[in-house]
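Visitor: here is the input, now give the coordinates:
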Amino acid sequence: MASTLETLTEVVHSSKQIKIRGFSVTSAMTEDDFFTSGRWKVGGYDWEVRVLPNKPIGGHNRNGVAVKLYCLSEVPTAKASGVKVNFSCLLIDPTGKLKPFEGDSSTYNFKRSGDCSYLHALMKRNDLQTSGYLKDDAFTVEYTLKLLREVPIKATTHRPADYLLPSSALPHHLGDLLQKGTGADVTFVVSGESFRAHKAILASRSLVFTAEFFGYMKEKRSPVVEVKDMRPAVFGAMLHFIYTDSAPELHRADDGTAMAQHLLVAADRYGIDRLKLICEDKLYDGVCVDTAAMTLVLAEQHGCSHLKTRCVEVIVANLEAVMTTEGYKHLMATCPSVMNDLLKAVHGRKN
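Guide: Numbers count the residues shown, from 1 in each chain. Predicted coordinates:
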């Protein structure tokens, strides 16, 4: 009789790179000063990597770069044995000419939030200064975390839903309802083009529509609502998102970015936060010298803090080039208040 194989564990593997600029200045840091990677989620737990660029490793003038791994999540009491992790680091040559320099490796059992695994010096400071891993007073560290995780034991029998339950077709059905207009109780007129919709569905997705149709606004009694200052294609795309939670127009190669700009304004106007965030994310990836200033106007006017920060970063890094664009002239004319943010960012970059 043939035997069966059952897998009890699996290894969750994740790697990241961080770059430390200003290595020469870090000589003034104390042995406990560090830079942090921020939260890093691996295997269902939050982790934080701290780089200590001036850690003593024994002897006079023998400081080096060391790394610590902290667990930031509470370990469930059911896991009395803790979370078993292997942590290792490499020094990376950004040019690719040198092979990665292998530092220390440590295996540790984390039992509670705040537990720490310490790796001894990746490299002595004096050695790093003369190595090829220090480029333009900066070095790059790649750290890898391998987490041992138990594989849940699978049931020997299957529930009916395992095979018979189809994926949700709700977005498709609602999209079909919007397209056919079945049972529609309100009509929007946008630049002469009509859109039939359902007040209850709109109100369930937008507090603005709730106020219009079920509050004390005049639209409550009107079956026809005129929408001003918006293109029909943009209003149609917003309605499609309300019904289906998708915006395929954002992925078009020819005008996806332009649609994202208009949809962000529409989403902000009607309080559709999820659509607004999706548009902000789409525009974030497209910020460059040519678009940074114009996008900053949009971010400032509609409260998109992450998008604004990205625009400021690009403008400060390419200030002379950005100042020649039409978008920069528009920025100065419509949002002169952002000049303070730009000046602060430029000053911080110089320091």
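
Visitor: okay, CA-based contacts and neighbour counts for the rest of this
Guide: Will do.

Visitor: which residues are in contact with Val42?
Guide: 12-14, 145, 147 (C-alpha atoms under 8 Å, 6 or more residues apart in numbering).

Visitor: would you mind checking the residues you listed for buried ones?
Guide: Among those, those scoring as buried are 145, 147 (criterion: 16 or more other C-alpha atoms under 10 Å).

Visitor: distance to Ala184 added to the contacts of Val42, as TSV?
Guide: Shown next, in TSV, are the contacts of Val42 (distance: C-alpha to C-alpha, whole Å):
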residue	distance to Ala184
Val12	50
His13	51
Ser14	50
Leu145	54
Leu147	53
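
Visitor: out of the contacts of Val42, flag the one nearest to Val208.
Guide: Ser14 (42.8 Å; C-alpha to C-alpha).

Visitor: parallel or antiparallel, which strands does the helix or strand where that closest one lies pair with?
Guide: For Ser14, the element it lies in under DSSP states H and E is strand 9-21. Strand pairing for strand 9-21, using DSSP bridges, gives strand 138-150 (antiparallel).

Visitor: could you dump the strand it pairs with to PDB, C-alpha only?
Guide: Provided in PDB are the C-alpha atoms of strand 138-150 (Å, rounded to 0.1, in the frame of the first residue of the first chain):
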ATOM      1  CA  ALA A 138      26.000  55.800   0.900                       C
ATOM      2  CA  PHE A 139      25.600  52.000   1.400                       C
ATOM      3  CA  THR A 140      22.800  49.600   0.700                       C
ATOM      4  CA  VAL A 141      21.700  46.700   3.000                       C
ATOM      5  CA  GLU A 142      19.500  43.800   1.900                       C
ATOM      6  CA  TYR A 143      17.900  41.900   4.700                       C
ATOM      7  CA  THR A 144      16.000  38.600   4.500                       C
ATOM      8  CA  LEU A 145      13.500  37.100   6.900                       C
ATOM      9  CA  LYS A 146      12.500  33.400   6.800                       C
ATOM     10  CA  LEU A 147       9.600  32.500   9.000                       C
ATOM     11  CA  LEU A 148       8.700  28.900   9.900                       C
ATOM     12  CA  ARG A 149       4.900  28.500   9.800                       C
ATOM     13  CA  GLU A 150       2.700  25.400  10.500                       C
END
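
Visitor: what does the average pLDDT come to for that strand?
Guide: Strand 138-150 carries an average pLDDT of 88.

Visitor: list the buried residues of the host helix or strand of Ala266.
Guide: Following DSSP H and E, one finds Ala266 within helix 256-270. Neighbour counts using 16+ other C-alpha under 10 Å place 256-257, 259-268 of helix 256-270 among the buried residues.

Visitor: so what does it touch, helix or strand wise?
Guide: Packing partners of helix 256-270 (3 or more C-alpha pairs under 8 Å, 6 or more residues apart in numbering; DSSP states H and E): helix 207-214, helix 232-244, helix 273-285.

Visitor: dump the C-alpha coordinates for it into PDB.
Guide: Output of helix 256-270 as PDB, limited to C-alpha atoms (Å, rounded to 0.1, in the frame of the first residue of the first chain):
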ATOM      1  CA  GLY A 256      -6.200  56.600 -18.100                       C
ATOM      2  CA  THR A 257      -4.300  59.400 -16.300                       C
ATOM      3  CA  ALA A 258      -6.600  62.100 -17.500                       C
ATOM      4  CA  MET A 259      -9.600  60.100 -16.400                       C
ATOM      5  CA  ALA A 260      -8.000  59.500 -13.000                       C
ATOM      6  CA  GLN A 261      -7.700  63.300 -12.600                       C
ATOM      7  CA  HIS A 262     -11.300  64.000 -13.400                       C
ATOM      8  CA  LEU A 263     -12.600  61.000 -11.400                       C
ATOM      9  CA  LEU A 264     -10.600  62.100  -8.300                       C
ATOM     10  CA  VAL A 265     -12.400  65.500  -8.500                       C
ATOM     11  CA  ALA A 266     -15.800  63.700  -8.900                       C
ATOM     12  CA  ALA A 267     -15.100  61.200  -6.100                       C
ATOM     13  CA  ASP A 268     -14.100  64.100  -3.700                       C
ATOM     14  CA  ARG A 269     -17.300  66.000  -4.700                       C
ATOM     15  CA  TYR A 270     -19.600  63.100  -3.900                       C
END
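
Visitor: fine by me, we can end here.
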